[in-house]
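> From the sequence below, what's the structure:
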Amino acid sequence: MKKFFDSEGIERKIVLILRLIKESGQPIGACLISRRMRDFGVTLSERAVRYHLKIMDERGLTRLAGRREGRAVTDKGIDELNNAMVQDKIGFAISRIEILAYKTTFDPIHCRGFLPVNISLFPKDQFGDALKVMRKAFETGMTVSDLVAVAGENERLGNITVPEGKIGLATVCSIVINGVLLKAGIPMDSKFGGILQVKDRSPLRFVELIYYSGSSLDPSETFIMARMTSVSSVLEKGDGKILANFREVPAPCRELVVELVSKLNRARIGGVLSIGEVSEPVCQVHVDLNKVGMILTGGLNPIACAQEAGIQAENRGMASVMDYRDLRRFSEAYKARRYKQ
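Below you'll find the model as predicted:
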């Protein structure tokens, strides 16, 4: 019998709308919400979005910020988002990886297109100190790329607006490798994010891990918040624990993967710590039959350095995509910021 009122479906759409408004960082309207919902495989007309927003206003989950500005999430809405429909959050990380890989259009040969980024929001008065702490991580390749973007209050990084009192830093996310391989016809299985022990400046083994398929957060965010890294120690002594990710690709693709990684390196995109042999373990991690394991550096390692130094940042891993042309070398951003001090 056909359902005339699907309350569960409405609740799922409300949770997604709340998430989109919150991640935007500023009030947004029904038209923009409708477009962004398509990224999550949900087709809802602008009129239907307005219907859901009316329900959310009545519940006190959102408020009208102005006729042109759209809706903002209330404190009650944020609480609802944090607690509602836990089963829908499971696997959100892996779906986010797949979406960002699909939206990656970066061409490493011509150095153009969009690539995925993480976004970190620093207190305005601590950003200069954070840059100093992070500098060595960028200079020594302890990240996916030395390309970054910086934005001040009320400016945008991807689809996120930097709030008052903050400065935003966009760092390249390791999903760029997923995206480039996907466009070349190579499927990549994203297994987990973890803490990789480094010994004598060489990757040794994973000591902690979180599977993407069972997580609602980017594992790197979780490990940073839990203060489980010692990236600074790796940079200074060669021993410690860093953020890293584990992927698998089909064995017949290994040669092409190596070729694409080389092209990415020439475009200032790195982050590949190790590519294993067919069906052979990598850093003591089992690899499936006829697969090749890969260890990728976590894009948030420089941010972990800042956290270790006591500088807090609000991190949004796998946050958005940005145009490659809007990024610049960290050294340029560092000099520009230093002269403003």
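
> Tell me the buried residues in whatever helix or strand Ile17 lives in?
According to DSSP states H and E, Ile17 maps onto helix 7-24. Neighbour counts over helix 7-24 (16 or more other Cβ atoms under 10 Å) mark 13-21, 23-24 as buried. Yep, even glycine has a C-beta here, placed from its N, CA and C like the rest.

> same check, this time on stretch 69-82
70-74, 77, 80-81.

> quick one: which of these sit in strands?
If you go by DSSP state E, the buried residues of stretch 69-82 have 70-73 in strands.

> With distance to Ser202 as added columns, please give the residues you listed in CSV.
Formatted as CSV, those follow (distance: Cβ to Cβ, whole Å):
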residue, distance to Ser202
Gly70, 51
Arg71, 51
Ala72, 49
Val73, 45
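
> Lowest-confidence member of those residues, which is it?
In terms of pLDDT, the weakest of these is Gly70, which scores 86.

> Which helix or strand contains Val133?
helix 127-139.

> following that helix, which helix or strand comes up?
strand 147-151.

> between that next one and helix 127-139, how many degrees?
170 degrees (axes from the mean of the first three to the mean of the last three Cα atoms, to 10 degrees).

> quick one: average pLDDT of the helix holding Ile17?
The model assigns helix 7-24 a mean pLDDT of 79.

> which is the next helix or strand following that helix?
helix 30-37.

> hmm, who's touching that following helix?
Helix 30-37 is contacted from outside by 13, 16-17, 20-21, 24, 43-50, 53, 70, 159, using Cβ atoms under 8 Å, 6 or more residues apart in numbering.

> for that helix, which positions count as buried?
30, 32-34, 36-37.

> again with stretch 129-138
Quick answer for stretch 129-138 (16+ other Cβ under 10 Å): 129-131, 133-134, 137-138.

> For whichever strand or helix holds Lys335, what is the distance to the chain centroid?
Assigned by DSSP H and E, Lys335 belongs to helix 330-340. Relative to its chain's centre, helix 330-340 lies at 24 Å (Cα atoms, centre = their mean, to the nearest Å).

> which other residues reach that helix?
With Cβ under 8 Å, 6+ apart as the contact definition, helix 330-340 has outside contacts at 127-128, 131, 134-135, 138-139, 146-148, 150.

> That helix vs strand 147-151, what angle?
Using the same axes, to 10 degrees: helix 330-340 against strand 147-151 is 30 degrees.

> i'd like the first residue to be 489 from this point on
Yes, from this point I'll number from 489; that puts the last item at helix 818-828.

> Next secondary structure after the helix or strand bottoming out on mean pLDDT in the chain?
Sorted by mean pLDDT, DSSP states H and E, the helices and strands of the chain end with helix 574-577, the least confident at a mean of 54. Sequence order places helix 580-591 as the next helix or strand after helix 574-577, per DSSP H and E.

> Using CSV, write down the CA coordinates of that following helix.
Extracted C-alpha coordinates of helix 580-591, given in CSV (Å, rounded to 0.1, in the frame of the first residue of the first chain):
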residue,chain,number,x,y,z
PHE,A,580,29.0,9.3,6.0
ALA,A,581,32.8,9.6,5.7
ILE,A,582,33.0,7.1,2.8
SER,A,583,30.1,8.7,1.0
ARG,A,584,31.8,12.0,1.3
ILE,A,585,35.0,10.6,-0.1
GLU,A,586,33.1,9.2,-3.1
ILE,A,587,31.3,12.5,-3.7
LEU,A,588,34.5,14.6,-3.6
ALA,A,589,36.4,12.1,-5.8
TYR,A,590,33.6,12.5,-8.4
LYS,A,591,33.7,16.3,-8.1
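
> what angle sits between the helix or strand following it and helix 495-512?
Using DSSP H and E, the next helix or strand after helix 580-591 towards the C-terminus is strand 602-611. With the same axes, to 10 degrees defining the directions, strand 602-611 sits at 70 degrees from helix 495-512.

> I'm done for today, thanks for sticking with me.
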